[in-house]
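> sharing a sequence plus its predicted fold:
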Amino acid sequence: MISITDWQKIGVGITGFGIFFVLFGILLYFDSVLLAFGNLLFLVGLSLVIGLRRTFFFFFQWHKLKGTSFFLGGVAIVLLRWPLLGMCLEIYGFFSLFKTFFPVAFGFLGNAFNIPFLSALFQRLQGTSSMV
């Protein structure tokens, strides 16, 4: 069984609050203060969950520098009170960073749920570039 430390539990909570504030900021017509607060909480929570070293190595791998620059640049632009442009850059950077994770996640969801419609949908979205 995997043991979860107290810092990781706190990190999950902080990450959840970060996602909540980002979604609430989007709901309130891209409120820059809520988006900036949510972005900072998300990054701090992520670093608490997986550790500072792993977070650094995740974001600064050579093949992920483009996604990292767009994501962190979007965070900086949101902090400079340009929320719409910053969120667009962040979304592009997020998809660029996690593009290798999405087929694995869709494959897992397709195998985990034996609902006929959902498993067919997830298998179609999974594509042929599966890491499993």
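Arrived safely.

> who are the packing partners of the lengthiest helix in the chain?
Longest helix in the chain, counting residues (DSSP state H): helix 6-27. Under the contact criterion of 3 or more C-beta pairs under 8 Å, 6 or more residues apart in numbering; DSSP states H and E, helix 6-27 touches helix 32-50. Just so you know, the C-beta spots here come from the backbone N, C-alpha and C atoms, and that holds for glycine as well.

> flag every buried residue along the helix it packs on.
The neighbour-count check on helix 32-50 (16 or more other C-beta atoms under 10 Å) flags 32, 34-49 as buried.

> again with stretch 77-85
Neighbour-count burial for stretch 77-85 flags 77-79, 82-83 (criterion: 16+ other C-beta under 10 Å).

> from those residues, which is closest to residue 89?
Using C-beta to C-beta, residue 77 comes nearest to residue 89 of those, at 6.3 Å.

> if I look at the most centrally placed residue in the chain, how far off is residue 68?
In the chain, the residue lying closest to the centroid (C-alpha atoms, centre = their mean) is residue 94, at 5.9 Å. Using C-beta to C-beta, to the nearest Å, residue 94 is found at 10 Å from residue 68.

> ok, back up a step: from the buried residues of stretch 77-85, which single one is nearest residue 16?
Nearest to residue 16, judged by C-beta to C-beta, of these is residue 78 at 19.2 Å.

> quickly find the element holding the closest one.
Here residue 78, judged by DSSP states H and E, is contained in helix 65-79.
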